[in-house]
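# no sequence on hand, only this structure:
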């Protein structure tokens, strides 16, 4: 194995609750403040490497593509892109997916199932996730020939009791509370930390330092992987317990505060 030379600082940035506030987002569109956008540009201009590390699919990160991110750890680490090349990919097994959809319909659970090539809904008929109104049902998507490659599942408080009461769902997936009434089911053995490690291994250099910025339970593994874990002021206390530094609230541009604190911009 060829030894890598030491390179620049690498920083992983969560999106919802970190780079952007859900209060500022427009449906599934993310809206970073001008201050945050300028900070990312300044961080990269100083010779560093910025990476998005999100629970979102790359399909729902198009609002960030104009910023100089070198990589994307998406779908809670199940799909990783570095310089437009896929370096890691895991998807929900087809048999598991079929059983999952059947179970959700049985218990009346509504959920967004996210993938790299398409996002779909399992609807309960109760309209619990109105912000996903434009997303096709999984039945229509499959009928139209969509790729059935999915990496994670999102749902809200409205379906929490149903989900937690399902022995199958709680056994087949890893459950995460990501805050603000949002929850996730992820593939066991995957995480943002696993995806982050895959990206770091794919780099042609050894980072001089690794930072991770996050606010929720799905950020814990990437925070543990980093040399320095930066947690947002809006994070829950169980996430702040893993911080090396707690920065300002996302609504107060906490990413900017932290980058300045560490002399990175």
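Cool, the structure landed. What you see is a predicted model, and the numbers here were worked out from it, not measured in a lab.
# helices along this structure, start to end?
Per DSSP state H, the chain carries helices over the ranges 34-45, 94-107, 138-143, 160-164, 167-172, 192-202, 220-225, 237-240, 254-261.
# got those as a markdown table, with distance to residue 3 and mean pLDDT columns?
C-betas here are computed from N, CA, C, even on glycine. Listed next are those as a markdown table, based on distance: least, C-beta to C-beta, whole Å; pLDDT from 0 to 100:
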| stretch | distance to residue 3 | mean pLDDT |
| --- | --- | --- |
| helix 34-45 | 26 | 98 |
| helix 94-107 | 40 | 97 |
| helix 138-143 | 46 | 96 |
| helix 160-164 | 46 | 96 |
| helix 167-172 | 41 | 98 |
| helix 192-202 | 13 | 98 |
| helix 220-225 | 21 | 98 |
| helix 237-240 | 35 | 95 |
| helix 254-261 | 30 | 98 |
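# closest to residue 132 out of these?
Checking those against residue 132 by C-beta to C-beta gives helix 138-143 as the closest, at 12.0 Å.
# in that closest one, which residues are buried?
138, 141 (16 or more other C-beta atoms under 10 Å).
# for it, packing partners?
With contacts taken as 3 or more C-beta pairs under 8 Å, 6 or more residues apart in numbering; DSSP states H and E, helix 138-143 sits against strand 120-122.
# can you name every helix or strand that the strand it packs on contacts?
Applying 3+ C-beta pairs under 8 Å, 6+ apart, one finds that strand 120-122 makes contact with helix 94-107, strand 111-114, helix 138-143.
# need the residues that contact the longest one.
Right, the one you point to is helix 94-107. Applying C-beta atoms under 8 Å, 6 or more residues apart in numbering, the contact partners of helix 94-107 are 92, 109-111, 113, 122, 124, 138, 148, 150, 153, 162-163, 165-166, 168-169, 172.
# and for residue 28, the neighbour number?
Around residue 28 sit 18 other residues, with neighbours defined as other C-beta atoms under 10 Å.
# look up the closest residue to it, ignoring the ones flanking it.
Ranked by C-beta to C-beta, 6 or more residues apart in numbering and with sequence neighbours excluded, the top spatial neighbour of residue 28 is residue 60, at 5.0 Å.
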